[in-house]
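Q: Following is a predicted model, sequence given first.
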Amino acid sequence: MPKTPYSKPALSLKSQLQQLKARGMQIDDENQALHYLGHLNYYRLGAYWLPFEKDHANHEFHSGTTFGDALNSYIFDRELRLWLLDAIERVEVSIRTQFAHHLSLRHGTHPHLTPNLFHNPQRYNYALIKLEQEVKQSGEEFIKHLTQKYKEPLPPIWAMVELMSLGQLSQWYDNLQDRQDRKIIADTYDIDEKNLRSFLHHLTTVRNHCAHHARVWNREYTVTLKIPNKRPNTLLTSFNHEKASERRIYNTLVLLAYLMDKISPDNLWKQRLVDLLNEHSVNTKAMGFPNNWRELQIWNKN
């Protein structure tokens, strides 16, 4: 199909508001709506009022849809992203620690400089180049000290993990040649190594969406996690195995909640998440939550 020039004109904020009203959206406070349109972008908010449309082709809204409905979904999604980043940070720091600890005990101080510990040479070389770049660009005093004092081309692994992004950590873990190396790290969390590999890959995508302020609430993820089917026993019944929900955020939240309990047993992360859901009354089905989620063990276990 031949491409045509873009012909839609830019609209003033008042024209944007009039367009929403013409499509059936109820505006209870026009000044408030104009304020948010001026700071949140009509196009961005469109992703949050899309579920309220009865006819997407004509962008007509269901009767009774208010600007506040879409704004509530947006605010919830923003708070959810921040809460996800909090958990992802703690999981990332913990796995960095376990990765460095176990590999250094088994293979010495510089396992990242031992190519035969890794399965795919091309992936290894690429990951090593990325680490070398991180060291060159780092302004951290501990990195400067280690590179200036010692002859090895890179600092020891317990220093290097502090420069790894979550995506880099995921790639280094996934590329380990010996399954036992992966297993000993995953055993810390009572998870099979194949599930931890999958989750780290998936979590990198989720983290990137959160960090770049992208929608996560009702998103369908192309990179999904492999749901555990053997262990931990206390977790297995809390996942949603329905095909229609496997690309949604719910199962991610289940595994994050479990790992948070492992890493920080006295955390209030789960309770705050439940409070967020209650406060905003969002459609949890759009997040992949099962109807009986409040009864499942992960959400009731201290």
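A: Done, it's in. Predicted model only: the values in this text are computed from it and were never measured.

Q: Now do the strands in the chain.
A: Using DSSP state E, the strands of the chain run over 53-55, 60-61.

Q: Mind checking these for the one nearest to L256?
A: Nearest of the strands of the chain to L256, taken as Cβ to Cβ: strand 53-55 at 30.9 Å. In this view, the C-beta of every residue, glycine as well, is placed from N, C-alpha and C.

Q: Can you tell me the strand partners of that closest one and which way each runs?
A: Strand 53-55 pairs in its sheet with strand 60-61 (antiparallel), by DSSP bridges.

Q: From what I see, H213 and D77 are in contact.
A: No: counting by Cβ atoms under 8 Å, H213 does not reach D77; the two are 9.5 Å apart.

Q: shaky segments in the protein?
A: Within the chain, the segments meeting pLDDT under 70 span 301-302.

Q: circling back to that earlier point, which one's more surrounded, H213 and D77?
A: The neighbour comparison of H213 against D77 (other Cβ atoms under 10 Å) goes to D77, with 21 against 11.

Q: So what's the residue count around the residue nearest to that one when sequence neighbours are not counted?
A: Leaving aside its chain neighbours, D77 sits nearest to W217 (4.1 Å; criterion: Cβ to Cβ, 6 or more residues apart in numbering). W217 has 22 neighbouring residues, counting by other Cβ under 10 Å.

Q: need the contact list for W217.
A: Applying Cβ atoms under 8 Å, 6 or more residues apart in numbering, we find W217 in contact with S73, F76, D77, L80, I249, V282, A286, M287.

Q: wait, what's in contact with the last one?
A: With contact taken as Cβ under 8 Å, 6+ apart, M287 is in contact with W217, N218, R248, I249, Y250, L253.

Q: Quick check: the third one touching P290?
A: No: in this structure R248 lies outside contact range of P290 using Cβ under 8 Å: 10.7 Å.

Q: So for those two, which residue has more residues nearby?
A: Set side by side, R248 and P290 show more neighbours around R248, with 24 against 17, by other Cβ under 10 Å.

Q: ok, so what distance separates the residue nearest to the more buried one when sequence neighbours are not counted from L253?
A: Spatially, and ignoring its direct neighbours in sequence, R248 is nearest to G288 (2.7 Å; Cβ to Cβ, 6+ apart). Separation of G288 from L253 (Cβ to Cβ, to the nearest Å): 9 Å.
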